[in-house]
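Asks: task: produce atomic coordinates for the following.
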Amino acid sequence: MQVVLPPRGITRLPGRHVTDHQMRLYMKYRQTDTPPVAAAKASFSSSTAYRFEKNRRLPSQKKGTRSRRRPDPLADVFEAEVVPMLKAAAGVRPVAIFEEILRRHPELGAGIRRTLERRIRAWRAIHGEEQEVIFRQTHEPGQVGLSDFTDMGELGVTIAGARLDHRLYHFRLAYCGFEHAYVVLGGESFVALAEGLQNALWSLGGTPREHRTDSLSAAFCNLDRNARDDLTHRYEDLCAHYGMRPSRNNRGIAHENGAIESSHGHLKRAIADALLLRGTADFDDLATYRGFIDEIVSRRNARNAKRIDHERATLQALPDRRTSDYEEVIVRVTSSGGFTLRKVFYTVPSRLIGHQLRVRLYDDRLDVLVGGTHLVTLPRGRPHPNGKHDQVVDYRHVIHSLRRKPMALLNLVYRDRLFPRDAYRRTFDRLRERLPDRKACRLMVDLLALAHERGCEAELARQLAADLDAGQLPDLGRLRAQFAPDPACVPQVVVQLAPLASYECLIGASQIGDAA
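Replies: Numbers count the residues shown, from 1 in each chain. The predicted model follows:
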């Protein structure tokens, strides 16, 4: 190794102190080299090397205790006032103590804040209370799957311009990081948990041995003891159906579910980024938005494909079928043409008035059955945040009765929900402004009947919107002609009548057979 010695008289740069590491290098090279050569290899001057020859202690061992350069501004107040505050209220923030000290001693000034915060931190390190320790866990493949819900309101997602108040049900395997997300329209409920969990397990192709959730307090709130016990048994039955051991973390201790809590933030940030790249948070319908979420989750799972395949081989087999992921309720259809369930009124075909129905409640829909026969699927509604009742109305269920009693439309309780599109509502408002109430109601009911009978709800809505923009009232005769069936599309049925002689032949043959 060629060593270039510094010129005579050149020393180390001022302000750059020799470190303990450099001193140890020097002592190592000094075993075989002269002081100038060893100093050059350790990157300091030969004059410094000759000083080290006289005193071979490390630089850190030579440093004396550093004294204060200015008076301590907290000398009179820290032990006398700050320490009693810290002992009396262990969780008090340093900024609160700072504001209180300034209130008592304004002459200290705002410049003591950092000094006070450092002093408090040092005091707590020596005299503070013991803190909770987070114990990191080792996860085994095929052991633990976790479920939780996360609110998505902050992303501002809209469906056809209407804000979508929703959550995500989020499932994750602790070992490999497999994820599944399902858009939940209501709150945290057992129905949402059961549907989302089963979707995740059948998508995964197997089941872990343990299913871990939070305390499920949101799903059990506002329920009496019997209802809570019933949901507890249903949850245990759900886990037993898939051979999983149910477990829960302690209420309010989120880090016990940390394998999925931290993943919430990563998933929501990925969705937020995808919305920004998409250019809009508005979707045509709920199915499109759910497909958007599924695509993002699939991309995240693709990054862990090898680990997922490894853990999938250790999972338990799925059962032969899914179990119920709905809640079943018995309702009776009233003379109003519908039933009320969970503070929401639903219309059904009027032929069901007086019948008892079995309703299966899913997170986003209701399946209505008579006995074991499925009748209709209704979108699930939810009461207003202030507790006010809401309605889910299909005008097709009541239009035949409205045609006989059109004035019922004027003060109908669910009138605003009756109109299938905004153009119909605006048309009725315009009719009431320009026509007597009786004529306005009659014309509006006829328009709804036209939309139902001709199957032209969307096309008629566009025509009504065009008339409104032009400042015209709808012409019912013109609209009926416009949306009348096309004669060219009506099939021509030709019936060929058989000659009467053929019947006489049949009669004669019958008589011959009788005579025989």
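
Asks: and the lengthiest helix in the chain, how far out from the chain middle?
Replies: Scanning the chain for the helix with the most residues, using DSSP state H, yields helix 258-278. Distance, stretch centre to chain centre, for helix 258-278: 10 Å (CA atoms, centre = their mean, to the nearest Å).

Asks: what's the answer for stretch 90-101, then?
Replies: 37 Å.

Asks: which residues does stretch 266-273 contact?
Replies: Stretch 266-273 has contacts (CB atoms under 8 Å, 6 or more residues apart in numbering) with 150, 152, 155, 168, 170, 179, 181, 293, 296-297, 300. (Glycine included, C-beta is placed from N, CA and C.)

Asks: which ones among those map onto helices?
Replies: Among the contacts of stretch 266-273, DSSP H puts 293, 296-297, 300 in helices.

Asks: picking up where we left off before, which of the contacts of stretch 266-273 count as buried?
Replies: In those, burial by neighbour count holds for 150, 152, 168, 170, 179, 181, 293, 296-297, 300, counting by 16 or more other CB atoms under 10 Å.

Asks: would you mark the buried spots in the longest helix of the chain?
Replies: Of the residues in helix 258-278, those buried (16+ other CB under 10 Å) are 258-261, 263-264, 267-268, 271, 275.

Asks: what mean pLDDT does that helix have?
Replies: For helix 258-278, mean pLDDT is 86.

Asks: what lines up beside the very next helix or strand once past it in the sheet?
Replies: Once helix 258-278 ends, the next helix or strand along the chain (criterion: DSSP states H and E) is strand 282-283. Here strand 282-283 has these sheet partners by DSSP bridges: strand 158-159 (parallel).

Asks: and the strand it pairs with, what's its mean pLDDT?
Replies: The pLDDT scores in strand 158-159 average 92.

Asks: beta-bridge partners for the residue most central in space within the chain, please?
Replies: For the chain, the residue nearest the mean C-alpha position is residue 168 (2.5 Å; CA atoms, centre = their mean). Counting by DSSP bridges, residue 168 is bridged to residue 150, residue 183.

Asks: residue 293 is in contact with that one, correct?
Replies: Yes - with contact defined as CB atoms under 8 Å, residue 168 counts as touching residue 293 (7.3 Å).

Asks: report the set of residues contacting both of these two.
Replies: Residues touching both residue 168 and residue 293 by CB under 8 Å, 6+ apart: 181, 183.

Asks: could you pull out the helices in the stretch 1-150 of the chain for me?
Replies: 20-29, 35-41, 46-54, 59-62, 83-88, 94-104, 113-127 (DSSP state H, counting those that start in this stretch).

Asks: quick check: buried residues in the fifth one?
Replies: Of all the residues in helix 83-88, those buried under the rule 16+ other CB under 10 Å are residue 86.

Asks: dump the residue contacts of the residue nearest to the centre of the chain.
Replies: Going by CB under 8 Å, 6+ apart, residue 168 touches 149-150, 152, 181-184, 267, 293.

Asks: mind running it again at 7 Å?
Replies: Shown in contact with residue 168 (CB atoms under 7 Å, 6 or more residues apart in numbering): 149-150, 152, 181-184.

Asks: wait, which of those is closest to residue 71?
Replies: Within those, proximity to residue 71 (CB to CB) peaks at residue 150, which comes in at 52.9 Å.

Asks: contacting residues around the closest one?
Replies: Going by CB under 7 Å, 6+ apart, residue 150 touches 167-168, 170, 264, 268.

Asks: same deal with residue 310?
Replies: Counted by CB under 7 Å, 6+ apart, residue 310 has contacts 141, 176.

Asks: kindly report the same for residue 311.
Replies: When contacts are counted by CB under 7 Å, 6+ apart, residue 311 touches 141-142, 173, 175-176.

Asks: would you format those residues as JSON lines with distance to residue 205 included?
Replies: Conversion of those to JSON lines gives the following (distance: CB to CB, whole Å):
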{"residue": "141", "distance to residue 205": "14"}
{"residue": "142", "distance to residue 205": "12"}
{"residue": "173", "distance to residue 205": "12"}
{"residue": "175", "distance to residue 205": "15"}
{"residue": "176", "distance to residue 205": "13"}
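
Asks: give me the subset of those residues lying in strands.
Replies: The strands, defined by DSSP state E, take in residue 173 from the contacts of residue 311.
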